[in-house]
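# Sequence unavailable; structure follows:
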């Protein structure tokens, strides 16, 4: 079986855009949903017509079957479909599904303060539509798990093309490397635990590097797929599409679905595009005016519909710790920033720099990963751990491509491959620690939950984020509710 980048790109686009169109017809009035959907379909056809088969790879049918089985087992074990009670965030996923199935769209809460559900609903909305049709919430959760597994497998196929994994051995190894990719968090923690450094609080914790009140995380693939896959899959697909698309005419079109799946992932794609454009402009001393194409302008206008949906939440009053800020403390950069960037991606970059230093997208990835930890937002620093996801996915593709390249006869390259392999093996300690929270598997019940109980901002709850991350309060005053939403 031959897998071609153009075919996979079409599937990526359908996976990302179908939920957006369901949202347009389910939450917006027909004067908005019909023309925007027509424009999306027209631009999609134009994009597919001009796209070339950048990459292709042959995969044997037994490998397809084996990797499908392994990936499905992996997704079930980490909690997809809600069959096993593995992690706290799935309770929130379940509550979003519950409300999308049981409430009319748009979802309006009236239990406490009036509020509209405002969240990254891309991964939830099609399963919820099926749940509405069947009047069955559990069916919606199960289908969301199935859809998540399809997305994970599509990411694996995208990675197979990016890394040029052209034989069965590489393809099987790639699946394992994909699931276990991580920065060297545990080695960093061990070193810090041995040094007389005050304020180090995260020894052998699989997620965090924490010094004093500086909390940093670049998620491993396992942690991202387990905890935030609704915000991970489509933005990573968008990053792949941007890599394949050498022209900038359709950049906005390739990025747009990500805004509905994960706003921070969308921000990463915007930064990747602009940085890549800036780097290529400096290298060639010529600006690429394709970025100001009619396609980009029209799709950006459609993006304003989705932005208006989120806007009421973005500008609402929130505690100071939830606001984005630039870290200006010199001690932070010595004590936390430098070791973090070195161990989480810096050593990797140094080992492959010679091979990819002329690749504008690679340079854009490096710049973004260097800049992200300079900012802080929220107690858990969601900005760092969410914006970085598409960039880390692309970085992993460069690393795996370097390992798979048939050039190991040259001694310097062979030594670098050995060093990178050792680093990646050391990094596996972090996702392997995550498995101790997964096993033993526990069967999960399906209790009914609603986010509506958290719409009282004066109430004390165990997680303040529940009061601010999911709602637009007093939606009747917002532009989206007045002029765009269904009534």
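Thanks, I have the structure now. What you see is a predicted model, and the numbers here were worked out from it, not measured in a lab.

# which residues of the stretch 101-250 of the chain fall in helices?
For the stretch 101-250 of the chain, helices defined by DSSP state H, counting those that start in this stretch occupy the ranges 122-134, 137-163, 168-180, 185-194, 221-227, 229-244.

# Now do the first one against helix 137-163: the angle between them, please.
Read it as helix 122-134. Comparing the axes of helix 122-134 and helix 137-163 via axes from the mean of the first three to the mean of the last three CA atoms, to 10 degrees yields an angle of 140 degrees.

# so the closest residue in space to residue 105 that isn't next to it in sequence, which of the three states?
Closest residue to residue 105 apart from its sequence neighbours, by CB to CB, 6 or more residues apart in numbering: residue 26 at 4.6 Å. All C-beta atoms are positioned from the backbone trio N, CA, C, and that covers glycine. Put simply, residue 26 is helix when judged by DSSP: H, G, I helix; E, B strand; the rest coil.

# Now do the contacts for residue 26.
105, 125, 129, 486 (CB atoms under 8 Å, 6 or more residues apart in numbering).

# Name the residue closest to the centre of this protein, please.
residue 232 (2.3 Å; CA atoms, centre = their mean).

# returning to what we had before: CSV please, covering the helices of the stretch 101-250 of the chain and showing mean pLDDT and distance to residue 115.
CSV is the format used below for these (pLDDT from 0 to 100; distance: least, CB to CB, whole Å):
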stretch, mean pLDDT, distance to residue 115
helix 122-134, 94, 17
helix 137-163, 94, 21
helix 168-180, 94, 38
helix 185-194, 88, 37
helix 221-227, 91, 25
helix 229-244, 94, 20
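
# Kindly give a single ChimeraX line that selects the buried subset of the contacts of residue 26.
Applying 16 or more other CB atoms under 10 Å to the contacts of residue 26, the buried members can be selected in ChimeraX as follows:
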select :105,125,129
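
# what about residue 279, neighbour count?
Per other CB atoms under 10 Å, the neighbour tally for residue 279 reads 17.

# I'd like the distance between it and residue 177.
27 Å (CB to CB, to the nearest Å).

# how about the helices of the stretch 251-400 of the chain, start to end?
251-261, 263-284, 294-314, 330-332, 338-341, 347-356, 360-371, 382-387, 389-404.

# pLDDT (mean, whole number) over the fourth one?
Across helix 330-332, pLDDT averages out at 84.

# burial measure for the closest residue to residue 375 other than its chain neighbours, as a count.
Counting by CB to CB, 6+ apart, residue 375 lies nearest to residue 383, which is 5.3 Å off, once chain neighbours are set aside. Using other CB under 10 Å, residue 383 has 18 neighbouring residues.

# same question, residue 24
Residue 24, neighbours per other CB under 10 Å, totals 23.

# Go ahead and confirm it touches residue 36.
Yes: shown here, residue 24 and residue 36 form a contact pair, counting by CB atoms under 8 Å, at 5.7 Å.

# residues shared between the contacts of those two?
residue 305.

# Might one say that the residue nearest to residue 375 is in contact with residue 263?
No: look at residue 383 against residue 263 with CB under 8 Å: they stay out of range, at 10.7 Å.

# if we can go back for a sec, tell me the spacing between the residue nearest to residue 105 and residue 233.
21 Å.

# and what of residue 417?
For residue 417, the distance to residue 233 - CB to CB - is 29 Å.

# Compare these two (neighbour count), which wins?
When residue 417 and residue 233 are compared for neighbours, residue 233 comes out ahead with 30 against 18, by other CB under 10 Å.

# got the contact list for the closest residue to that one other than its chain neighbours?
Excluding the flanking residues, the one nearest residue 233 by CB to CB, 6+ apart is residue 151, at 3.7 Å. Shown in contact with residue 151 (CB under 8 Å, 6+ apart): 15, 123, 229, 233, 234, 237.

# Could you pull up the contacting residues of the residue lying closest to the last one once chain neighbours are set aside?
Excluding the flanking residues, the one nearest residue 237 by CB to CB, 6+ apart is residue 12, at 4.5 Å. Listed by CB under 8 Å, 6+ apart, the contact set of residue 12 reads 154, 158, 237, 240, 241.

# Please identify the buried residues of whatever helix or strand residue 12 lives in?
Assessed by DSSP states H and E, residue 12 sits inside helix 5-27. Neighbour-count burial for helix 5-27 flags 5, 8-9, 12-13, 15-17, 19-27 (criterion: 16+ other CB under 10 Å).

# Then stretch 63-72?
Those would be 63, 67, 70, 71, 72, for stretch 63-72 by 16+ other CB under 10 Å.

# and for it, what are the contacting residues?
1, 149, 152, 153, 156, 168, 171, 172, 175.

# How much space separates the nearest residue to the second one once chain neighbours are set aside from residue 265?
With CB to CB, 6+ apart as the measure, residue 75 is the residue that lies nearest to residue 149, at 4.2 Å, once sequence neighbours are left out. With distances defined as CB to CB, the gap from residue 75 to residue 265 amounts to 20 Å.
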